[in-house]
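**Q** compute the structure for the input listed below.
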Amino acid sequence: MVKFKRRSIEQSAYNIAAFMILFIFALPAIWIIFTAFRPANEVNITPPIWLPHKITLDAFASLFGLNPEYASGVPVYDYLRNSTIVALTSTLFAVSVGTMAGYAFSRFQFRGHTLVFLLIMLSRAVPGIALGLPLFLLMRNYGLVDTVQGLAFVYVAINIPFTIWLMDGFFRQIPRELDEAAYIDGCGHWSAFWRIDLPLALPGMSAAAIFAFLAAWNEYQIASLVTKTPAAKTFPVGLYDFTSQFTVDWRGMTAMSVLMIVPAIVFVLLTQRRLTEGLTFGALKG
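**A** Here you go, the predicted model:
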C-alpha cells in the first residue's frame with residue numbers, strides 16, 4: 001500500500017512537471033492568441049496585460065475588410081489560397097512518391113541500393129537556406145519564380161527524402177511473409193503493395209503527411225526568396241506586410257497568425273484520426 005502511494009505521488013509529480021514544461025513552451029502561442037483578441041489600446045501598454053479586459057474581433061474584421069473604419073490592406077484571401085494549394089499539393093506528391101520509393105528500398109535489392117539511399121538521406125543534411133540561391137537560379141531559368149507551382153515543386157523535393165526514410169523503416173516492420181503469401185495467391189508486386197502493404201502502412205503515411213504539410217505551411221526562408229507578389233506569397237511571407245518603416249501592426253499580425261494555426265490544427269486532427277484507423281486496421285490484419 002505504501003509502495004502504491006509512493007508510485008502515485010511520483011506519477012503525479014511527473015504529470016505536473018510535464019504540464020508546466022508544456023505550458024512554458026505554449027506561452028508564445030497563448031500570447032499570440034490573446035493579442036489577436038484584445039483591444040488595440042492593450043497591445044503596447046506597459047506593463048503588459050496578460051488577460052484581455054475585453055474580447056474583440058476587430059483585428060479579424062480589419063483583416064478581412066469588414067471594418068469600415070480601418071482595413072489592413074493585406075490580401076489575406078490570396079495568402080490563404082496560396083498556402084492551401086502549396087501545402088496540400090506538396091503533401092500529396094511527397095507522400096505518394098515517398099511511399100512508393102520507401103517500399104522499393106525496403107523490399108528490393110538493386111545495384112547501388114545502399115549508395116542511392118544514403119545520397120537521398122544526405123540531401124536532408126543540407127540547410128534549407130543554403131539551397132536558396134541555387135533554387136532561385138534554377139526556378140528563374142524555367143520561369144517558376146513567383147509562382148505557386150514552383151513553390152510547391154520545391155517543397156515536394158524537400159519533403160520526399162524524409163518521407164522515403166520514414167516509409168522505408170515502416171515497411172521493414174511489415175513481415176515479408178505477408179507479401180510471399182500474396183505472391184502464392186497470384187498477386188504481383190504492385191497488387192501485393194496495394195492490397196497488403198499499403199493499408200498496413202497508413203500510420204506511417206499519416207505521420208509523413210503531418211510532417212510534409214506543416215513543413216510547407218510554416219516555411220518562410222525559401223518562400224521569401226522565390227515569391228514576390230500576392231500571386232504566390234504564402235502566410236509566413238505575408239506576415240511581413242504588417243511591418244512598416246516605423247511601426248508594426250502587432251494585432252493584425254497576430255490575427256493572421258491565428259488564421260495560420262487553425263488549418264494546421266484541423267489537418268493534424270484529421271490525419272491523426274486516419275493514423276488511429278490505420279493502427280487499428282493493421283492490428284486486425286496482422
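**Q** contacting residues around the residue positioned nearest the centre of the chain?
**A** The structure's the chain has its C-alpha centroid closest to Leu214; by CA atoms, centre = their mean the separation is 0.8 Å. Going by CB atoms under 8 Å, 6 or more residues apart in numbering, Leu214 touches Ala264, Val268. All C-beta spots, glycine's among them, are computed from the backbone N, C-alpha and C.
**Q** let's see it at 10 Å
**A** Ala87, Thr91, Ala264, Phe267, Val268 (CB atoms under 10 Å, 6 or more residues apart in numbering).
**Q** what does the pLDDT read for Asp78?
**A** At Asp78, the pLDDT value in this model is 90.
**Q** these two touch, right, it and Lys233?
**A** Yes. With contact defined as CB atoms under 10 Å, Asp78 reaches Lys233; the gap is 7.2 Å.
**Q** the more surrounded of those two?
**A** More crowded of Asp78 and Lys233, by other CB atoms under 10 Å: Lys233, with 24 against 16.
**Q** Three-state assignment for the more buried one, please.
**A** For Lys233, the assignment made with DSSP: H, G, I helix; E, B strand; the rest coil gives coil.
**Q** what residues does it make contact with?
**A** Lys233 touches 75, 78-79, 82-83, 146, 148, 151, 223-224, 227, 239-241, counting by CB under 10 Å, 6+ apart.
**Q** what does Arg176 give?
**A** Contacts of Arg176 (CB under 10 Å, 6+ apart): Ser106, Arg107, Asp197.
**Q** please, where are all the helices along the chain?
**A** For the chain, helices defined by DSSP state H occupy the ranges 2-37, 58-63, 76-107, 113-122, 132-141, 148-172, 176-184, 189-192, 198-200, 202-218, 221-226, 235-238, 250-285.
**Q** mind putting these into a markdown table with distance to Ile45?
**A** What follows is the helices of the chain, written out as a markdown table (distance: least, CB to CB, whole Å):
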| stretch | distance to Ile45 |
| --- | --- |
| helix 2-37 | 11 |
| helix 58-63 | 16 |
| helix 76-107 | 26 |
| helix 113-122 | 50 |
| helix 132-141 | 39 |
| helix 148-172 | 39 |
| helix 176-184 | 63 |
| helix 189-192 | 64 |
| helix 198-200 | 55 |
| helix 202-218 | 29 |
| helix 221-226 | 31 |
| helix 235-238 | 27 |
| helix 250-285 | 12 |
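**Q** which of these sits closest to Asn44?
**A** Among those, the nearest to Asn44 by CB to CB is helix 250-285 (7.3 Å).
**Q** flag the shaky bits of this structure, pLDDT-wise.
**A** The chain contains residues with pLDDT under 70 at 1-5, 67-72, 245, 273-286.
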